[in-house]
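Engineer: Requesting a structural model of the entry that follows:
(one chain, ligands or ions: 1)
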Amino acid sequence: MADKRVSDDPRPLGSFARPEPRQENPDVPGTRTCLHCGGDRLTRIRMRTPSGRDAVFVACGACERTAWFDVAGTGVPLTADQVGGLGV
Ligand SMILES: [Zn+2]
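Structural biologist: The predicted structure is shown next:
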């Protein structure tokens, strides 16, 4: 006759489904859809690369690939060399 209480945490574990904060610059080329799987549930974070470029870091919610795009770029992802600071 134990009173079982189920923990009712509304947040799923490891969720990537959190609503994205509005970004100031949604129109950087290459950041609309995932280059790898074509998914459009991307997390975009505007920041500066370790090498000093203004860029957008993109993480795909579907395949978890990540990439960097220069804000003034043409949709071609930056190479690890261009991003810099990653020990390559
Ligand atoms: Zn993807």
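
Engineer: Check the burial of the residue nearest to G61 when sequence neighbours are not counted by counting its neighbours.
Structural biologist: Of all residues not flanking G61 in the chain, R41 sits nearest, at 3.9 Å (C-beta to C-beta, 6 or more residues apart in numbering). C-betas here are computed from N, CA, C, even on glycine. Residues contacting R41 under the criterion other C-beta atoms under 10 Å number 13.

Engineer: what comes up buried for stretch 66-80?
Structural biologist: Buried residues in stretch 66-80, counting neighbours by 16 or more other C-beta atoms under 10 Å, are found at A67, W68, F69, D70, G73, P77, L78.

Engineer: In strands, which of those residues fall?
Structural biologist: A67, W68, F69, D70 (DSSP state E).

Engineer: Between those, which sits nearest the ion?
Structural biologist: A67 (9.5 Å; C-beta to the ion).

Engineer: and the gap between the closest one and K4?
Structural biologist: 46 Å (C-beta to C-beta, to the nearest Å).

Engineer: unless I'm mixing things up, the residue nearest to G61 is touching C63, no?
Structural biologist: No. The pair R41 / C63 is not scored as a contact, 10.1 Å apart, by C-beta atoms under 8 Å.

Engineer: So which residues on this protein come close to the ion?
Structural biologist: C34, H36, C37, G39, C60, A62, C63 (C-beta under 5 Å from the ion).

Engineer: All good on my end, thank you.
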